[in-house]
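Student: A structural model of the following input is requested.
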Amino acid sequence: MAKLPILIAPNPTLKKVAKPVEKVDDDIRALMDDMLETMYDAPGIGLAAPQVGDLRRILVIDCAREGEEPQPIRMANPEILERSEQMVTGEEGCLSLPDIFADVTRPDAVRVRYLDHENEIREMEAEGMLATVIQHEVDHLNGILFVDHLSSLKRNMLMRKLAKMRQKKGGKVSQKEAAV
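Tutor: Residues are numbered from 1 along each chain as shown. Have a look, this model is predicted:
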């Protein structure tokens with residue numbers, strides 16, 4: 001397994017739509033494992049392949065709390081089939097937007113279909129934090145960042161903040177900082 005570099009906004013790859021995978025094979029499983037290692041090291045609770053420069057529809061999630069046994073979820077070609085009418089607002093952050101946080105409103109529950117790491121079609125119902133993370137990561141596969149759900153005023157303010165943070169660091173973000 002290997003830790004991968006995480007792309008930081010406004011990297012143009014983050015705004016591209018990822019392509020479906022034909023099947024989950026050893027290559028895809030290795031990428032999923034590398035993504036999990038990268039996510040855990042960051043630390044984060046979700047990571048989509050475009051965030052590590054790979055434009056395939058792959059994501060990994062682990063919402064286990066600190067001290068709990070890891071509960072990794074690996075998804076290829078995730079498709080949200082249903083969203084609840086009940087909405088919830090919660091603070092979101094993103095490994096591709098280090099130190100940027102904002103309240104985002106999303107459906108409280110979803111039903112998702114995907115290929116698991118063994119190339120089996122699965123469906124999952126998720127609510128609360130897991131539903132939010134699934135929606136956040138599926139957005140990445142569609143070239144959408146969580147700040148795209150905000151007003152243009154708020155989004156521009158946060159992107160300027162990110163640019164200023166990068167400028168203070170000489171225009172570059174170190175590998176360690178990129179994983180925050």
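
Student: For the nearest residue to residue 117 once chain neighbours are set aside, give me its contacts.
Tutor: Computed as Cβ to Cβ, 6 or more residues apart in numbering, the closest residue to residue 117 that is not its neighbour in sequence is residue 74, at 4.3 Å. Bear in mind the C-beta positions are built from the backbone N, C-alpha and C, glycine included. Counting by Cβ atoms under 8 Å, 6 or more residues apart in numbering, residue 74 makes contact with 29, 32, 36, 58-60, 116-117.

Student: so which helix or strand takes in residue 74?
Tutor: Taking DSSP states H and E as the definition, residue 74 sits inside strand 73-83.

Student: Name the residues of stretch 127-137 that are buried.
Tutor: Using 16 or more other Cβ atoms under 10 Å as the test for burial, stretch 127-137 gives 130-137.

Student: Distance from the chain centre to the strand holding residue 74, please.
Tutor: When C-alpha coordinates are averaged (Cα atoms, centre = their mean, to the nearest Å), strand 73-83 and its chain have centres 12 Å apart.

Student: Please pull up the helix or strand immediately following it.
Tutor: Later in the chain than strand 73-83, the nearest helix or strand by DSSP H and E is strand 87-94.

Student: average pLDDT across that following strand?
Tutor: The average of the pLDDT scores along strand 87-94 is 97.

Student: Can you name every helix or strand that that strand contacts?
Tutor: Contact here means 3 or more Cβ pairs under 8 Å, 6 or more residues apart in numbering; DSSP states H and E; on that basis strand 87-94 packs against strand 97-107, helix 128-141.
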